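Student: predicted model and sequence below, questions to follow.
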Amino acid sequence: MATHRLLLIPGDGIGPEVMAEVKKVVAFFNERGPDRFESEEALVGGCCYDAHGVAVTDETVAKAKAADAVIFGSVGGPKWDGVPFDVRPEAGLLRLRKDLSLFANIRPAVCYPALAESSSLKREVVEGLDIVILRELTGGVYFGEPKTITDLGNGQKRAVDTQVYDTYEIERIARVGFELAKKRRNKLTSMEKRNVMKTGVLWHEVVNQVHEREFKDVKLEHVLADAGGMQLVRWPKQFDVIVCDNLFGDMLSDIAAMLTGSLGMLPSASLGEVDAKSKKRRALYEPVHGSAPDIAGKGAANPIAMIASFAMALRYSFALLDEADLIDQAIAAALAKGLRTADIKSEGTTVVGTAQMGDAIVAEMRTLASVQ
Ligand code: IPM
Ligand code: MG
């Protein structure tokens, strides 16, 4: 029986509330097996700033590196709007991604049958949707230097962000994209802006080279990122895996979230390179939604993206595929019974709070596990 070490980072806003529901799922598996989980907790984000004056401590980064998987809630909120840029809550998450080299961010957008009505799009557009946004996570304009605001001395300031990509960064994310597509419907769509950006030109060229060299059997298409955004809401089912840079991935995955009914539904996995010796890879799992300060503390947040993120940890870090499926099926079953958090409510459904939704999912897991 394997024991896995989890580092739980609830963060700010609704983070702690949705993390509480993951703890119930972890407790379920600790009772039932086959594997055991040991969890430790750490502060990252505004809560860490309040306690230590930084968004993440070196000690927490070291713990995250040593853990078998990091399970992350959310960071940020209006309380920290005025703090210096380099210690803002989001800086803690960005440092974790960078220091752990979590370059591949997998964001699956799956529309559960029961939720086809909750999307702002028509049922036929989203019903049965199952696509993946693969976002490059450690490069591009979020990290490029220089990143400055300079006083020009004439009453004007100049702000600079730098979008930068090296060949190897595009190659490795493209490879993850092709590998993912091979296990799915064998189609990869690469989105960039090669019509205006040099990074787009290189991105396009390198993705083509990787395709030509290593993945000729996968269907590859290129779509300009702005048109891609439009196609995502027009007919999202045309896609299988979409690969894009850090900024476009951030935006397109929020769009994709709405296809599934709510931002509260989208999980994500951020993965590093597989270590040649240990065969392990560093990984952080987090919901795509943010800290939702407007509903924080009210017990109203949707815990599904957070719980589904833990299912991704079971799948990608621990190869517990049946257990991951069990969680996904339990989520579908709870939804099929008409239970909804406020963000996904529709006519004729029962609105429940965060804890009730978590309890209902664990109850479905028990039922499903007992008949397996
Ligand atoms: C996301 C979030 C983060 C990002 C924030 C919280 C820094 O929007 O994970 O999509 O911009 O990457
Ligand atoms: Mg985002």
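Tutor: On my side now, so go ahead. Numbering: from 1, shown residues only. Ligands and ions are numbered 1, 2, ... in the order given.
Student: in stretch 180-199, what's buried?
Tutor: For stretch 180-199, a neighbour-count test (16 or more other C-beta atoms under 10 Å) marks 180-181, 184, 187-194, 197, 199 as buried. Heads up, the C-betas are built off the backbone N, CA and C, glycines and all.
Student: that should have said stretch 217-235, apologies.
Tutor: For stretch 217-235, the neighbour count (16+ other C-beta under 10 Å) marks 218, 220, 222-225, 228-229, 231-232 as buried.
Student: could you dump those residues to JSON lines with pLDDT, distance to residue 293 and secondary structure?
Tutor: What follows is those, written out as JSON lines (pLDDT from 0 to 100; distance: C-beta to C-beta, whole Å; DSSP: H, G, I helix; E, B strand; the rest coil):
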{"residue": "218", "pLDDT": "98", "distance to residue 293": "41", "secondary structure": "coil"}
{"residue": "220", "pLDDT": "98", "distance to residue 293": "41", "secondary structure": "strand"}
{"residue": "222", "pLDDT": "98", "distance to residue 293": "38", "secondary structure": "strand"}
{"residue": "223", "pLDDT": "98", "distance to residue 293": "34", "secondary structure": "strand"}
{"residue": "224", "pLDDT": "98", "distance to residue 293": "34", "secondary structure": "strand"}
{"residue": "225", "pLDDT": "98", "distance to residue 293": "29", "secondary structure": "helix"}
{"residue": "228", "pLDDT": "98", "distance to residue 293": "30", "secondary structure": "helix"}
{"residue": "229", "pLDDT": "97", "distance to residue 293": "26", "secondary structure": "helix"}
{"residue": "231", "pLDDT": "98", "distance to residue 293": "32", "secondary structure": "helix"}
{"residue": "232", "pLDDT": "97", "distance to residue 293": "27", "secondary structure": "helix"}
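Student: just flag the most distant two among those residues.
Tutor: The distance between the two most remote of the buried residues of stretch 217-235 (C-beta to C-beta) is 23.0 Å, for 218 and 229.
Student: distance check, residue 282 against residue 304.
Tutor: Counting by C-beta to C-beta, to the nearest Å, the separation of residue 282 from residue 304 is 25 Å.
Student: ditto for residue 319
Tutor: Using C-beta to C-beta, residue 319 is found at 23 Å from residue 304.
Student: cool, residue 248 as well?
Tutor: Computed as C-beta to C-beta, the residue 248 to residue 304 distance reads 25 Å.
Student: pLDDT weak spots in the stretch 51-200 of the chain?
Tutor: In the predicted model of the stretch 51-200 of the chain, no residue satisfies pLDDT under 70.
Student: how about the strands of it, start to end?
Tutor: Along the stretch 51-200 of the chain, counting by DSSP state E, counting those that start in this stretch, strands occupy 69-74, 104-110, 130-136, 144-151, 157-162, 187-192.
Student: most packed of the ones you listed?
Tutor: Of all the strands of the stretch 51-200 of the chain, strand 69-74 has the most neighbours on average by mean count of other C-beta atoms under 10 Å, namely a mean of 28.
Student: returning to that earlier point: looking at residue 319 and residue 304, which one has more neighbours?
Tutor: Legend: neighbour count by other C-beta atoms under 10 Å for residue 319 and residue 304, higher for residue 304 (32 against 11).
Student: would you list every one of the strands in the stretch 201-350 of the chain?
Tutor: Counting by DSSP E, counting those that start in this stretch, one finds strands in the stretch 201-350 of the chain at the ranges 219-224, 241-244, 269-271, 283-285, 339-340, 350-351.
Student: please work out the average pLDDT along the fifth one.
Tutor: Read it as strand 339-340. For strand 339-340, the mean per-residue pLDDT is 96.
Student: before we move on, back to that, of all the strands of the stretch 201-350 of the chain, which lies closest to ligand 1?
Tutor: Nearest of the strands of the stretch 201-350 of the chain to ligand 1, taken as C-beta to the nearest ligand atom: strand 269-271 at 8.6 Å.
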